[in-house]
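1. here is the input, now give the coordinates:
(one chain, ligands or ions: 1)
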Amino acid sequence: MNKEKQRGLSTTAIHAGYHCDPLTGALATPIYQTSTFVFSSTEEGARRFAGEEAGYIYSRLGNPTVTVLEEKMAALEKAEAGLAFASGMAAVSAILLALVKTGDHILGTKGLYGCTYGLLNLLQDRFQVSYSLCDMTDEASIRQMLQPTTRVIYVETPINPTMELVDLQLVAKIAREIGAAVVVDNTFMSPYLQRPIEHGADIVIHSATKFIGGHGDVIAGVAVGPKAIMDSIRLTTQKDIGGILAPFDAYLLIRGLKTLGVRMDRHCENGMQVARFLHSHPKVAAVYYPGLPDFPQYDLACRQMDGFGGLLAFELKGGMEAGIRMMNNVHLCKRAVSLGDVDSLIQHPASMTHSVVPAEERAKMGITDGLVRLSVGIEDIADILEDLDTALSFA
Ligand code: LCS
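-> Numbers count the residues shown, from 1 in each chain. Down below sits the predicted model:
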């Protein structure tokens, strides 16, 4: 590992991957808004295409601004290499398509983001890659669901939106026994709060749209992992499907990453205060936040995560109707999907992010019709609590 890996995460987020422009001294990463790169000779072009010489060719194959982001994310996740994509789903699909072929099996966590669930169904229906979803809180149930053809164990932890956790070391141990790859979607935590590779995961994916960007102004994805695998994906499912990230969007993410540490600390502080407030509110039936001592996997959260984050889900005693009334009466918190922004965002998974999942599957995932998800932003906590308190008076 290089020197960046020894530094603190906030320092790494600011400095990794870029050391000021050698030509101009520019402190901020230049946006290389170019589709192609000029070769100094025909032979040089040929050598680059043959992989005999490093250097840029065409921005679908690599771009200097995007490279800075990829190196930052790899350094933060303690991975060897990274790849940036046009969206989180572009990252998820490029990784899964690179790892499986017809006849293989993917074992996923009991709950998954709605579009990831949609992709698994597409792979099954169109390409005969089967999948099963499994309660990974229990070793026996993981082992029971394995098949001889299981090539990938695909994990969200915390799971969107139920906040259930998965013990990454346990999953990695089982995966090693059967030679399967562990792919972890770390979107809910960011590398500041959880680094799955330290727990044995092979590949980590982010919807960088969320905490990595942090400001709600870019759709993007990142995957990091072993260099050999990332190099091969760059030349196959990334290059040939083509869901690559634009240089300006990479710049926005690089800029967002510079404040990752301070933003995440504040998300954690505010998340904990909102969780406590909801937990003691007479109209709230249940709060799902890993930082509450009565959260069923509180011990695992303390072991695996460096903070509890800004995401939580809750149910009201008045069920779905009360939830709708509450959501219709927030003002500071915005009714919107997405998460991890500086703005607080509230949404209803059953009718929004997970509406593509059939009702009976949603029930198995633990997504009740009354579940509300809140991504707690970094506004002043008194203002967030006041907004929620007022909205709850309508519930
Ligand atoms: N993985 C997770 C855990 C996600 O939450 C999302 C998006 C994705 C992958 C896909 O990333 P995208 O392509 O949107 O960058 N989650 C969303 C959500 O919960 N609300 O809106 C989008």
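2. where exactly do the helices run in the stretch 251-395 of the chain?
-> All helices of the stretch 251-395 of the chain, identified by DSSP state H, counting those that start in this stretch, fall at 260-279, 298-304, 319-327, 359-365, 381-393.
3. what's the nearest residue in the stretch 151-300 of the chain when you look at the ligand?
-> Nearest residue of the stretch 151-300 of the chain to the ligand, counting by CB to the nearest ligand atom: residue 207, 3.0 Å away. (Each C-beta comes from the backbone N, C-alpha and C, glycine too.)
4. give me the residue from the stretch 251-395 of the chain nearest the ligand.
-> The minimum distance from the stretch 251-395 of the chain to the ligand, using CB to the nearest ligand atom, falls at residue 337 (3.4 Å).
5. look up phi and psi at the residue of the stretch 151-300 of the chain closest to the ligand.
-> Backbone torsions for residue 207, taken as degrees, to the nearest 10, come to phi -80, psi 100.
6. what is the neighbour count of it?
-> Neighbour count for residue 207, taken as other CB atoms under 10 Å: 30.
7. from the ligand, how far off is the closest residue to it other than its chain neighbours?
-> Among residues not flanking residue 207 along the chain, residue 88 sits closest, at 2.7 Å (CB to CB, 6 or more residues apart in numbering). For residue 88, the distance to the ligand equals 2 Å [CB to the nearest ligand atom, to the nearest Å].
8. residues in contact with the most centrally placed residue in the chain?
-> In the chain, the residue lying closest to the centroid (CA atoms, centre = their mean) is residue 187, at 1.8 Å. By CB atoms under 8 Å, 6 or more residues apart in numbering, the residues touching residue 187 are 88, 113, 156, 160, 205-207, 210-211, 339-340.
9. one step back: what's around the residue of the stretch 251-395 of the chain closest to the ligand, how many residues?
-> Using other CB under 10 Å: residue 337 sits among 14 other residues.
10. what pLDDT does the spatially closest residue to it that is not a sequence neighbour get?
-> Once flanking residues are discounted, residue 337 sits nearest to residue 347: 4.9 Å by CB to CB, 6+ apart. Predicted confidence (pLDDT) for residue 347: 97.
11. domains in this protein, by residue range?
-> Per automatic domain parsing, the structural domains of the chain span 3-257, 260-392.
12. end to end, how far does the last one reach?
-> Yep, that's domain 260-392 we're talking about. One end of domain 260-392 sits 31 Å from the other (CA to CA, to the nearest Å).
13. distance from that domain to the middle of the chain?
-> Put simply, domain 260-392 sits 17 Å off its chain's centre (CA atoms, centre = their mean, to the nearest Å).
14. show me what from the stretch 201-350 of the chain comes close to the ligand.
-> Contact residues (CB under 6 Å from any ligand atom) of the stretch 201-350 of the chain with the ligand: 207, 209, 219, 221, 337-339.
15. just the stretch 51-200 of the chain next, same as before
-> Counting by CB under 6 Å from any ligand atom, the stretch 51-200 of the chain sits next to the ligand at 87-89, 92, 113, 115-116, 156, 160, 185, 187.
16. looking at those, which are in strands?
-> Among these, DSSP state E puts 156, 185 in strands.
17. how close does the residue of the stretch 151-300 of the chain closest to the ligand sit to residue 79?
-> 17 Å (CB to CB, to the nearest Å).
18. now residue 364
-> Distance of residue 364 to residue 79, given as CB to CB: 32 Å.
19. can you check residue 210 too?
-> Taking CB to CB, one finds residue 210 at 18 Å from residue 79.
20. what's the answer for residue 212, then?
-> Taken as CB to CB, the span from residue 212 to residue 79 is 14 Å.
21. same question for residue 341.
-> 25 Å.
22. those two - which one has more neighbours?
-> A direct count of neighbours by other CB under 10 Å for residue 341 and residue 79 places residue 79 higher, at 26 against 23.
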